[in-house]
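S.K.: Need a 3D model of the following:
(one chain, ligands or ions: 1)
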Amino acid sequence: MLLVSRYNMEYWETSEYYNLMKDIPMKRIAIYDMDGTIVCSLHRYRTIFDDRGERIDLGYWRENEHRAMEDSLLPLAKQYKQDVSDPFCITIIATARILRNADIEFISTRLGNPDHIVSRAEGDVTSGGTLKVSGLKPILEDYKARFDIWDIVFYEDNVQYLKTVCDYFNIRGVYIPSKQGH
Ligand SMILES: [Mg+2]
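M.R.: Numbering: from 1, shown residues only. Have a look, this model is predicted:
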């Protein structure tokens, strides 16, 4: 695995190894959920209990979507940033959020823009797992057709979404324990 920090990126891009490797069409793909995985948005998150058990209080979440710039980074964000800097890694954010201006600003200023973002369209009420599968499908198929993809990993704090996505694509999943996995 090639992990390159922004600090030594300049050196890396002039190295012989980089020049040798940059045209080889061999890539890996890293897919990251946002909330509870690389971003802490607990300050605007709460759950409710009903006959289906515990779930996110979507009304409360929607009311506070404009506060996305007050979110903070979780430890895994460091690895996310390394993947964004790695020319051999295709980095994807797969979130069940509806992306508002504040979310887009947070991603570009605090995380760094990935190669692709899968997110919820306004009014789409499908579950996060299904949403991520249908958003990721054309992206993964396209890369698999064009490159030799030697690894695909999905990082997620929601067990159900993790299972849905990894079972569907037969890819490796990494469960990230969090307090906002509903
Ligand atoms: Mg999450």
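S.K.: can you pull up the bridge partners for V153?
M.R.: Bridge pairing for V153 (DSSP bridges) gives the partners A30, R172.
S.K.: L73 now?
M.R.: Per DSSP bridges, residues listed as beta-bridge partners of L73: V39.
S.K.: What's the per-residue pLDDT of the closest residue to I171 other than its chain neighbours here?
M.R.: In this structure, I171 finds its nearest non-sequential neighbour in I152, 4.2 Å apart by CB to CB, 6 or more residues apart in numbering. Any C-beta I mention is one placed from the backbone N, CA and C, and that applies to glycine too. pLDDT for I152: 98.
S.K.: Same question for A77.
M.R.: At A77, the pLDDT recorded in the model is 98.
S.K.: Show the subsequent helix or strand relative to the host helix or strand of V84.
M.R.: For V84, the host element (DSSP states H and E) is helix 77-85. Once the chain leaves helix 77-85, the next helix or strand it forms, by DSSP H and E, is strand 89-98.
S.K.: what's in contact with the helix or strand following that following strand?
M.R.: Remark: after strand 89-98, the chain's next helix or strand is helix 101-106, criterion DSSP H and E. Helix 101-106 has contacts (CB atoms under 8 Å, 6 or more residues apart in numbering) with V39, E65, H66, R67, A68, M69, D71, R97, S119.
S.K.: neighbour-wise, which of those leads?
M.R.: V39 (27 neighbours; other CB atoms under 10 Å).
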